[in-house]
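Q: 3D model of this:
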Amino acid sequence: MRRILFNLVIKPWIILAHKSYVNECKRHGKYCEYKGVYIISDPRYFADYDNYKSSVIAALQLIEKVSMVRFLRLARDIDFICNLALPGLNGLFVSVRKMCCVNFGIPSYRHDIGHLALLIIHEATHAHLISIGTRMKHARIEQICIREERRFFRMAFGHNPVVEKWFEERLQEPVLTSFALFKIFLKNKECFVERR
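A: Residues are numbered from 1 along each chain as shown. Below is the predicted model of the structure:
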């Protein structure tokens, strides 16, 4: 049932929104490429595009500097990083368009490149698991993504007891189910598609 709802409702919206975002970004010159990854934005956030673009590029450079393997995997599995308001979510990977959506409105992503890099690593891990055809429960996939974030953090910044505690708390948190994500989407669908 969920697959049918996804294919009939969500997937067409995502494809239409993605095409309109890319076209709108190109038309306004708000379209940038960094080593195979395109940085685009919801047209409603063009005013902050330069700040967003420089933050994403800095985060990608950090990932590349710390772990070339992770960066190459990211560049293979993600085509677009998009600034998009995601009510109730920090980020989201959309496999239909190989697009990592980032909620750049969250202050910690605006001011902390390391935090933004962790989010991109998290979503890139989702992308990689999907690309290799992994079939696991959503909760297990989230644990793998959080552990990958922690490994990257340790490589980039070393061991930090406060951050380690934060990762452990996140590993214990209940995970949003696919149905809960679908309800968030339906409740806020106007945020996910371009208004005409």
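
Q: quick one, strands of this protein?
A: Applying DSSP state E to the chain gives strands spanning 32-34, 37-41, 80-83, 91-94, 99-102.

Q: mind listing the strands the second one pairs with, and their directions?
A: Sheet neighbours of strand 37-41, with direction, are listed as strand 32-34 (antiparallel), strand 80-83 (parallel) (DSSP bridges).

Q: what's the answer for the last one, then?
A: Based on DSSP bridges, the pairing partners of strand 99-102 within the sheet are strand 80-83 (parallel), strand 91-94 (antiparallel).

Q: pLDDT weak spots in the chain?
A: Low-confidence segments of the chain (pLDDT under 70): 1-11, 13-18, 176-196.

Q: burial measure for H111, as a count.
A: H111: 10 surrounding residues under other Cβ atoms under 10 Å. C-beta coordinates here come from the backbone N, C-alpha and C atoms, glycine included.

Q: please disregard the earlier target; I meant R44.
A: For R44, the neighbour count with other Cβ under 10 Å is 14.

Q: again, but for F157
A: With other Cβ under 10 Å as criterion, F157 counts 11.

Q: right, and it touches H115 too?
A: No. Using Cβ atoms under 8 Å, F157 makes no contact with H115, being 11.0 Å away.

Q: is it possible to export the strands paired with strand 99-102 to CSV including mean neighbour count?
A: Converted to CSV, the strands paired with strand 99-102 look like this (neighbours: other Cβ atoms under 10 Å):
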stretch, mean neighbour count
strand 80-83, 26
strand 91-94, 21
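
Q: burial measure for the residue nearest to C100 when sequence neighbours are not counted, as a count.
A: Spatially, and ignoring its direct neighbours in sequence, C100 is nearest to E123 (4.3 Å; Cβ to Cβ, 6 or more residues apart in numbering). As a burial measure, E123 scores 24 neighbours (other Cβ under 10 Å).

Q: how near is E123 to H159?
A: Distance, E123 to H159, by Cβ to Cβ, to the nearest Å: 24 Å.

Q: now do the contacts for the residue nearest to C100.
A: I78, G91, L92, F93, C100, C101, V102, C145 (Cβ atoms under 8 Å, 6 or more residues apart in numbering).

Q: just the closest of the residues you listed to L119, please.
A: Using Cβ to Cβ, G91 comes nearest to L119 of those, at 4.7 Å.

Q: surely the closest one meets M99?
A: No. Assessed by Cβ under 8 Å, G91 is found out of contact with M99, at 10.8 Å.

Q: before we move on, the earlier item: dump the strands paired with strand 99-102 into CSV; add distance to I63 as well.
A: Shown next, in CSV, are the strands paired with strand 99-102 (distance: least, Cβ to Cβ, whole Å):
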stretch, distance to I63
strand 80-83, 11
strand 91-94, 14
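
Q: closest to R27 out of those?
A: Comparing these by Cβ to Cβ, strand 80-83 comes nearest, at 15.8 Å.

Q: and for S108, the neighbour number?
A: S108, neighbours per other Cβ under 10 Å, totals 12.

Q: oh, I was asking about I132
A: I132 has 8 nearby residues by other Cβ under 10 Å.

Q: cool, C25 as well?
A: Using other Cβ under 10 Å, C25 has 22 neighbouring residues.
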